[in-house]
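S.K.: give me a 3D structure for the following:
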Amino acid sequence: MTVETTVNGSATSPNCVREPYAISTQGEHILGVGSMMSLHWFPELDFGVYPVVASEEPYDQAYFDKYVQMAKTEQGQTITAKRVELVNQFHTGRIVDIGVGSGAFVDAHGMAFGFDINPVAVEYLKKHDKYVPFPGLLDEKQTRFEAISMWDVLEHLRYPGKYLRWASRFVFLSIPIFENAENAVRSRHFRKNEHRWYFTRSSLKAFMAEYGFRCVHEEHEPETGRESVFRFVFERTADG
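M.R.: Below is the predicted model of the structure:
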């Protein structure tokens, strides 16, 4: 797999830490550099981008069914329980889960609702009165959600920032963390039809800081055997 290192004034300017994740000209620029279907690593920003082709994304019935089966396993049940436990340490009340997979976290939490782009997941959420038409439900003048979760989701999103803006206090997420570009492309988490963003720990925190969040908790997932996956809690300190 090809890894290309990209350095140019626009892509590595201080204000560009957040722009790859926003709906913006610079965001389109960075997404566009991967036209040769290789992982592009930005050393000054310490993250990588892979140009996932939207038509190749696998979000359908088979994808939903796969996660239903995974959630039923001992490992899947442990992962869900740990996520609920982590949220309950910091937040009580309603939470909106972005990218629900099989809906396991929404079902287990009790006060969770969800948003997804997979039509099968949307149907499931609507059937259980748990669907939030996010973010179209809100505009800039309306109240944000106090907490959102992104369990193994942020790395999939073309523009994660448009979702993060709607969290008024907490963002809970799990995500693969990499040491460098070589580590990323050799990882089992390098998925060319799903994962766009490849973060180190420092670049994830820098990205979240640009949206007004600071990391208040992080932990590895050793109890689940998931290679290089970490759970994080971010709390808003400023508008982003």
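
S.K.: in this structure residue 125 contacts residue 114, no?
M.R.: Yes: the pair residue 125 and residue 114 qualifies as a contact (CB atoms under 8 Å) at a distance of 4.9 Å. All C-beta atoms are positioned from the backbone trio N, CA, C, and that covers glycine.

S.K.: intersection of neighbour lists for the two?
M.R.: Residues touching both residue 125 and residue 114 (CB atoms under 8 Å, 6 or more residues apart in numbering): 100, 103, 106, 131.

S.K.: let me know the pLDDT of the nearest residue to the last one once chain neighbours are set aside.
M.R.: Nearest residue to residue 131 in three dimensions, chain neighbours excluded: residue 125, at 3.7 Å (CB to CB, 6 or more residues apart in numbering). According to the prediction, residue 125 has pLDDT 97.

S.K.: could you look up the SS state of residue 125?
M.R.: Secondary structure for residue 125, judged by DSSP: H, G, I helix; E, B strand; the rest coil, is helix.

S.K.: what residues are up against it?
M.R.: 100, 103, 106, 113, 114, 115, 116, 131.

S.K.: now the buried members of those residues.
M.R.: For the contacts of residue 125, a burial check counting by 16 or more other CB atoms under 10 Å picks out 100, 103, 106, 113, 114, 115, 116, 131.

S.K.: helices and strands of this structure: which one bottoms out on pLDDT?
M.R.: helix 25-32 (a mean of 38; mean pLDDT, DSSP states H and E).

S.K.: I'd like the next helix or strand past that helix.
M.R.: Remark: after helix 25-32, the chain's next helix or strand is strand 39-42, criterion DSSP states H and E.

S.K.: now for that following strand, which elements pack on it?
M.R.: Applying 3 or more CB pairs under 8 Å, 6 or more residues apart in numbering; DSSP states H and E, we find strand 39-42 packed against strand 3-5, strand 47-49, helix 181-186.

S.K.: that one: how far from the chain's middle?
M.R.: 18 Å (CA atoms, centre = their mean, to the nearest Å).

S.K.: can I get it in CSV? Just the C-alpha atoms.
M.R.: Below are the C-alpha coordinates for strand 39-42, written out as CSV (Å, rounded to 0.1, in the frame of the first residue of the first chain):
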residue,chain,number,x,y,z
LEU,A,39,-2.9,7.1,2.4
HIS,A,40,-1.7,10.7,2.6
TRP,A,41,0.1,11.5,5.8
PHE,A,42,0.5,15.1,7.0
